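Novice: Return atomic coordinates for the entry below.
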Amino acid sequence: QLQLVESGGDSVQPGGSLRLSCAASGFTLDYYSIGWFRQAPGKEREGVSCISPYGSTYYVDSVKGRFTISRDTAKNTVYLQMNSLKPEDTAVYYCGATNRLLCVLNRPYDYWGQGTQVTVSS
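Specialist: Numbering: from 1, shown residues only. All right, here's what the predicted structure looks like:
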């Protein structure tokens with residue numbers, strides 16, 4: 001069974017850091033583009049970052065310079081390192097996988113995790 005599981009969400013103060021993990025089972029993440037998305041209460045899900053099978057990365061403007069996406073092949077896991085967190089980063093974060101070779105956030109993804117909550121508040 002193909003499955004994605006996110007973890008690492010927590011409550012932190014503004015300026016803090018978190019590292020989210022997206023672990024795959026049943027398939028090899030290396031062959032997929034992996035995207036991180038988030039959904040805040042009352043808002044639509046938005047793309048945050050993605051990484052292609054070739055290692056190309058993309059970030060939306062609001063997280064550039066603060067978030068870093070990376071892949072650990074041995075652990076079949078993709079990470080999202082989030083630094084300098086702001087209250088507006090509060091959301092449920094989801095990872096998704098698509099067999100597209102290009103890293104894009106505005107196309108349907110094939111597989112999704114269940115989400116992990118990130119709360120940034122003082």
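Novice: Mind listing the residues bridging to the residue nearest to the spatial centre of the chain?
Specialist: The central residue of the chain, meaning the one whose C-alpha is nearest the mean C-alpha position (Cα atoms, centre = their mean), is W36 at 2.5 Å. On the basis of DSSP bridges, W36 is bridged to S49, C95.
Novice: Now do the contacts for it.
Specialist: Residues in contact with W36 (Cβ atoms under 8 Å, 6 or more residues apart in numbering) are 20, 22, 47-50, 69, 78, 80, 93-96. Bear in mind the C-beta positions are built from the backbone N, C-alpha and C, glycine included.
Novice: Tabulate these in CSV, adding columns for distance to L102 and neighbour count.
Specialist: Formatted as CSV, the contacts of W36 follow (distance: Cβ to Cβ, whole Å; neighbours: other Cβ atoms under 10 Å):
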residue, distance to L102, neighbour count
L20, 22, 24
C22, 19, 27
G47, 13, 18
V48, 17, 25
S49, 14, 24
C50, 9, 26
I69, 15, 24
V78, 16, 28
L80, 19, 27
Y93, 22, 23
Y94, 20, 22
C95, 17, 32
G96, 14, 22
